[in-house]
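**Q** Coordinates for the following, if possible.
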Amino acid sequence: MDIDHKSMEAAGKAIHDEGGEFATAIRQDRTNVEALRVYLGGDEAAMIFRRGKDGHPGFDSAYQDLSDALNNLSKSYEAIGAAVTAMSKNVKAADWANMVDKNAFVHDLVEFAKQKPKDIAVPTTPVELA
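**A** This next block holds a predicted model:
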């Protein structure tokens, strides 16, 4: 398989990094929305708006759902980036395995390396120390 691994791994890192950049960018937006809570008041209408009523979610619930979704999106960028990098490494490993199967010399060398010590001939000629 012809893949430019350097390019693929760079793309994976870039996607991963974008997740961090996204998290940083939305942090300020969260702070701005959080600051609005002090203006929601404490009267009955404000409480209904914040907590909801009759099974309908309010601001607090929607805010939490949005926060969870944004966190998941940020983590998804990071996970996708890591997966692209891992995919490149897996393809490299598969390419190596394929090359071993096609190249008789490398195949023989790998098979030799798999031998246990008892299978390898060891000279038994006595050696005298001078």
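**Q** Can you name every helix or strand that the host helix or strand of D108 contacts?
**A** Assigned by DSSP states H and E, D108 falls within helix 104-114. The contact analysis (3 or more CB pairs under 8 Å, 6 or more residues apart in numbering; DSSP states H and E) places helix 104-114 against helix 59-102. All C-beta spots, glycine's among them, are computed from the backbone N, C-alpha and C.
**Q** pLDDT of the helix it packs on, averaged?
**A** Taken as a whole, helix 59-102 carries a mean pLDDT of 87.
**Q** so how far is that helix off the chain centroid?
**A** The chain centroid and the centroid of helix 59-102 are separated by 4 Å, computed with CA atoms, centre = their mean, to the nearest Å.
**Q** tell me the angle of it relative to helix 104-114?
**A** 110 degrees (axes from the mean of the first three to the mean of the last three CA atoms, to 10 degrees).
**Q** now for helix 59-102, which elements pack on it?
**A** helix 5-35, helix 44-51, helix 104-114.
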